[in-house]
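Visitor: structure of the sequence below:
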Amino acid sequence: MAISTNSIIHYTDTIEAIYGILIEGFKIKYCAEILFLNEGSSQAAHPMISFCDIPLSQSQKHFKAYGYYGIGMTKEWAVKNGVNPVLYIDKKSLFAKSVYQLLKERRNRKSNLSDIQKRQILQIKSYAKNYSGPLKRKEVNEKEYKFYDEREWRLIPDSDTLNKAKFSITLSNYNKSKEKYNIQLKDVRIKFSSKDVSYIILKTTAEIPDMIEFLRKKYSDNCTTRELDVLFSKICSTEQIIDDY
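Guide: Sure, this is the predicted structure:
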């Protein structure tokens, strides 16, 4: 059995979010995280879209934490758009200590680091995540949740794509003004074509006919009948996944 797929899947809460992605593309939003790093921590929010490449047969726990709806994209699309697997760090490791020292040096006002080097350190950190830690989200509440099992991939845009929005925001500032910061990203979209889609995952099988009708209207001018049939075949439901796997 494969331990990863040839797709990356973005999971979400509602069917409205799926329709929104199909109409406008993926939205960039800030994600706030606390990264524990041996001698200290880093608490910040970075703009991103999160995906995973967990096989559908192993996704039931992921549904409970992140939602019963999803859109899967091909790995070819992921590579073209610079999507990259997350760098998982055990908080007690020597590597965690090294990352913390880099962040500490970056904050040092007397540092000899150039502005480019400081930005690169932040970019590396934005792809980092704890190997395990507490998670309280939707149906999941665990003190030592293994994030490593999520097999997360991230699309983190460069500064040019962000339309002057900040690349990194301290967690305290972000928590005070989440809406203000995310409004700055409201026009940032990551586009795709119907051929880039590998899955459209709905919560219930009863929602599939409406999705087919929507796709028929949206893509009829840009797709052949055969291409539409292929796209329809990529629709499934978490009901089916849970029952069949």
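
Visitor: what comes up buried for the lengthiest strand in the chain?
Guide: Using DSSP state E, we find that the single longest strand of the chain is strand 40-52. Residues S41, S42, A44, A45, H46, P47, M48, I49, S50, F51, C52 are the ones in strand 40-52 that count as buried (16 or more other CB atoms under 10 Å). C-beta coordinates here come from the backbone N, C-alpha and C atoms, glycine included.

Visitor: now flag whichever of the residues you listed is closest to E16.
Guide: Comparing the buried residues of strand 40-52 against E16 with CB to CB places I49 closest, at 17.2 Å.

Visitor: in the buried residues of strand 40-52, find the pair that's most separated.
Guide: Of all pairs in these, the most separated under CB to CB is S41 and F51 at 25.1 Å.

Visitor: following the chain past the strand or helix carrying Y11, name the next helix or strand.
Guide: Counting by DSSP states H and E, the element that carries Y11 is strand 7-12. Sequence-wise, the next helix or strand downstream of strand 7-12 (DSSP H and E) is helix 15-24.

Visitor: and that following helix, how far out from the chain middle?
Guide: On the basis of CA atoms, centre = their mean, to the nearest Å, helix 15-24 sits 15 Å off its chain's mean C-alpha point.

Visitor: what about that helix, average pLDDT?
Guide: Mean pLDDT, helix 15-24: 97.

Visitor: residues in a beta bridge with the most centrally placed residue in the chain, which ones?
Guide: For the chain, the residue nearest the mean C-alpha position is S50 (0.3 Å; CA atoms, centre = their mean). S50 has these beta-bridge partners by DSSP bridges: R154.

Visitor: just use 58 as the starting number from now, easier for me
Guide: With the count now opening at 58, the last piece we talked about shows up as S107.

Visitor: where's it relative to S251, distance?
Guide: Separation of S107 from S251 (CB to CB, to the nearest Å): 22 Å.

Visitor: same check on Q180?
Guide: Using CB to CB, one obtains 31 Å as the distance from Q180 to S251.

Visitor: please apply the same query to K260.
Guide: Using CB to CB, K260 is found at 22 Å from S251.

Visitor: all set, thanks.
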